[in-house]
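*Asks:* Can you look at this prediction? I've put the sequence above it.
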Protein chains: 2
Amino acid sequence: MTKRTLAAAVPMRFEDFKKEGAFSIADFCRDFYRANPDSIQVKKEAVAIKNLTTIILTTLKLSNEKGFHSMSLRDLSKASGLSMGALYLYFSSKDDILRIIQHYGHLAVGNILVKYVHQEGDPWMKLCGFIRVHLFLSELMKQWFYFFFMETKHLAKEYRKIPIKSELATEKICVDILNAGIRTGQFNAVDPGLTGAAVKALLQDWYLKPWKYKQRRITVDKYAQHVIGLVESYVTKQGASNDNDR
Amino acid sequence: MTKRTLAAAVPMRFEDFKKEGAFSIADFCRDFYRANPDSIQVKKEAVAIKNLTTIILTTLKLSNEKGFHSMSLRDLSKASGLSMGALYLYFSSKDDILRIIQHYGHLAVGNILVKYVHQEGDPWMKLCGFIRVHLFLSELMKQWFYFFFMETKHLAKEYRKIPIKSELATEKICVDILNAGIRTGQFNAVDPGLTGAAVKALLQDWYLKPWKYKQRRITVDKYAQHVIGLVESYVTKQGASNDNDR
DNA sequence: GTCTATATAACGATAGAC
DNA sequence: GTCTATCGTTATATAGAC
């Protein structure tokens, strides 16, 4: 059995990535439930996971439509089918919902990224893998990624550093790859920090402006190809082959 | 007198751009005041402009800190030094403040961009000029640009298209330049739409993540240079000179 | 005294919390 | 369902300019 990897000659496509089930909302809720036996007042695990899943998905949906702060708990109650009292069996406050999605969400994303990126050896292959897995994961968890970015400022001050740390940690994966490639002479002597930030910006556009790419019928595979082509012409020495943009 | 332009051999720097006074909040408020003699109940222009300026700048400040929706009119009243009653002499509702900043702000930005970009003739010089003026303007109006992006979803549905139209109009300036360069053979045969979107994403990162570039002491001039270098290696045929990244 | 600008305070609705 | 706090809004009182 030959397995497609993220940066092979025939690269992994989003459909392949999707099948691997890198992220499962049910697993996410199960982990969260078991890690917080005290604060969650529901005893039956199956019920708890089902309702936690509903609450989180509904929160993401409503928040992405009109903002977390504009979403009232009555909105959430109505859309999720749970009573207001039931919501308080799972979360101790509205801000608690926000904090948990941000905190545990960033943890989950970080783990998945690290797990996938360390597979390949060659810096350029690694970089392609990083770009693809980041894009594929943000496509799979589009609502989460959008939420992470847009709702940062509604976190209490003591939790504001969570998204920033996460952003920098992800960027560091990219910067480390760039440094490795520069060290081996495979990459040009670009500024690793600024280039890493640029790659992150390109990756972010995918989930910050879904309307744009949907409207133009750009698939995530095509977008990945374009980002890779752009980065390739800048960082690799063979430079702008430019024949891979379709 | 030799005037530095946006994309000359010795390019305009941000300090030069700043001195030109491309945007003036006082002019902005004066225009808005004169265009809305009915809805603004204050008769003395000087007083009106002063207070309008205060209201708008305070709204931008508070919204960028905690979000427009989270900012109460009591917060705004306190921070601006105006009473709640006074606020209603200038705006008919809280949503009105949001709509006016978005609507008239996007108009002002669009006019400035168009005015500056049509100065240069050569496609590559034009592209450099576009990148610089966009970055410089977003630096000058950082709070506005951040507000534009973050507060879109709090607009009433009928006004949601304003920021989208603005984004696409700005992107079109870039795409038109790319097409011109491709037509003359000066540029590679890149995908103009995707490349325009990529340039926009890079420009946006400057004002969406000010903390990152501040922390690393990256000036807007240096950032512009980096974006231009990256784009140059991708779109121009001489390709990655890569000696201009410092 | 008159007109304009500002301040105060209270209303009804709706928020989060329990 | 209830409670309390706070929201946007507005009616009304006040202060200031000429």
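*Replies:* Alright, I've got the coordinates. Numbers count the residues shown, from 1 in each chain, chains lettered A, B, ... in the order given.
*Asks:* pretty sure A:F28 contacts A:L107?
*Replies:* No - A:F28 sits out of contact with A:L107 when judged by C-beta atoms under 8 Å, with a separation of 9.6 Å. Where C-beta positions appear, they are placed from N, C-alpha and C, glycine not excepted.
*Asks:* Look at those two and report which has more neighbours.
*Replies:* A:F28 (21 against 14; other C-beta atoms under 10 Å in any protein chain shown).
*Asks:* which secondary structure element contains the closest residue to the more buried one other than its chain neighbours?
*Replies:* Leaving aside its sequence neighbours, A:F28 sits nearest to A:A108 (C-beta to C-beta, 6 or more residues apart in numbering or on different chains; 5.9 Å). A:A108 is part of helix A:94-117, with elements assigned from DSSP states H and E.
*Asks:* overlap in contacts of A:F28 and A:L107?
*Replies:* None of the residues lies in contact with both A:F28 and A:L107 under the rule C-beta atoms under 8 Å, 6 or more residues apart in numbering or on different chains.
*Asks:* Centre of the chain to the helix or strand following the helix holding A:A108, how far?
*Replies:* Per DSSP H and E, helix A:94-117 leads on to helix A:123-140 as the next helix or strand towards the C-terminus. Centroid separation for helix A:123-140 versus its chain: 11 Å, with C-alpha atoms, centre = their mean, to the nearest Å.
*Asks:* Output the contacting helices and strands for helix A:123-140.
*Replies:* On a contact count with 3 or more C-beta pairs under 8 Å, 6 or more residues apart in numbering or on different chains; DSSP states H and E, helix A:123-140 meets helix A:14-19, helix A:94-117, helix A:161-184, helix A:192-208, helix A:220-235.
*Asks:* contacting residues for the residue nearest to A:Y223 when sequence neighbours are not counted?
*Replies:* Spatial nearest neighbour of A:Y223, excluding adjacent residues (C-beta to C-beta, 6+ apart): A:W206 at 5.8 Å. Counting by C-beta under 8 Å, 6+ apart, A:W206 touches A:135, A:138-139, A:213, A:220, A:223.
*Asks:* ok, the residue of chain A positioned farthest from its centre to A:I55 distance?
*Replies:* Within chain A, the residue lying farthest from the chain centre (C-alpha atoms, centre = their mean) is A:G85, at 31.3 Å. Noted for A:G85: a distance of 13 Å to A:I55, by C-beta to C-beta, to the nearest Å.
*Asks:* A:A180 too?
*Replies:* A:A180 is 42 Å from A:I55, by C-beta to C-beta.
*Asks:* Give me the more crowded residue out of these two.
*Replies:* Neighbour totals were compared for A:A180 and A:I55, and A:I55 leads with 23 against 18 (other C-beta under 10 Å).
*Asks:* buried set for the helix or strand containing that one?
*Replies:* In this structure, A:I55 sits in helix A:45-66 according to DSSP H and E. Across helix A:45-66, burial judged by 16 or more other C-beta atoms under 10 Å in any protein chain shown covers A:48-49, A:51-60, A:62-64.
*Asks:* do stretch A:149-158 as well
*Replies:* Buried, per 16+ other C-beta under 10 Å, within stretch A:149-158: A:149-152, A:154-155.
*Asks:* Leaving out the residues flanking it, which one is nearest to the residue in chain A that DNA strand D sits nearest to?
*Replies:* Closest contact between chain A and DNA strand D, by C-beta to the nearest atom of the strand, is at A:M84 (4.4 Å). Closest residue to A:M84 apart from its sequence neighbours, by C-beta to C-beta, 6+ apart: A:S77 at 4.9 Å.
*Asks:* ok, now how distant is that neighbour from A:A48?
*Replies:* 17 Å.
*Asks:* now swap in A:Y90 and tell me
*Replies:* Going from A:Y90 to A:A48 by C-beta to C-beta gives 7 Å.
*Asks:* near DNA strand D, which residues of chain A?
*Replies:* A:84-85 (C-beta under 7 Å from any atom of the strand).
*Asks:* most centrally placed residue in chain A?
*Replies:* Most central in chain A under C-alpha atoms, centre = their mean is A:S138, positioned 4.2 Å from the mean C-alpha point.
*Asks:* quick one: contacts for that one?
*Replies:* A:145, A:203, A:206-207.
*Asks:* Would you convert those residues into TSV that also reports distance to DNA strand C and pLDDT?
*Replies:* What follows is these, written out as TSV (distance: C-beta to the nearest atom of the strand, whole Å; pLDDT from 0 to 100):
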residue	distance to DNA strand C	pLDDT
A:F145	23	98
A:L203	32	98
A:W206	30	98
A:Y207	25	98
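*Asks:* Determine which two of those residues are furthest apart.
*Replies:* For those, the maximum inter-member distance is 9.5 Å, found between A:F145 and A:L203 (C-beta to C-beta).
*Asks:* which SS class is A:A22?
*Replies:* Recorded secondary structure, A:A22: coil (DSSP: H, G, I helix; E, B strand; the rest coil).
*Asks:* quick one, what contacts it?
*Replies:* Going by C-beta under 8 Å, 6+ apart, A:A22 touches A:112, A:115-116, A:137, A:140.
*Asks:* Could you identify the most distant pair in these?
*Replies:* A:K115 and A:L140 (14.1 Å).
*Asks:* out of these two, which sits in the busier spot?
*Replies:* More neighbours surround A:L140 than the other of A:K115 and A:L140, with 19 against 11 (other C-beta under 10 Å).
*Asks:* Now that one. Nearest residue, chain neighbours left out?
*Replies:* A:F23 (5.9 Å).
*Asks:* what pLDDT does the residue nearest to the centre of chain A get?
*Replies:* Per-residue confidence (pLDDT) for A:S138: 98.
*Asks:* With A:E120 instead?
*Replies:* What the model reports for A:E120 is a pLDDT of 61.
*Asks:* try A:L98
*Replies:* pLDDT at A:L98 comes out at 95.
*Asks:* what's it in contact with, if anything?
*Replies:* A:68, A:151, A:154-155.
*Asks:* tell me which residues in the helix or strand just after the helix holding A:I55 are buried?
*Replies:* Downstream of helix A:45-66, the next assigned helix or strand under DSSP H and E is helix A:73-80. The neighbour-count check on helix A:73-80 (16+ other C-beta under 10 Å) flags A:76-77, A:79-80 as buried.
*Asks:* Lovely, talk soon.
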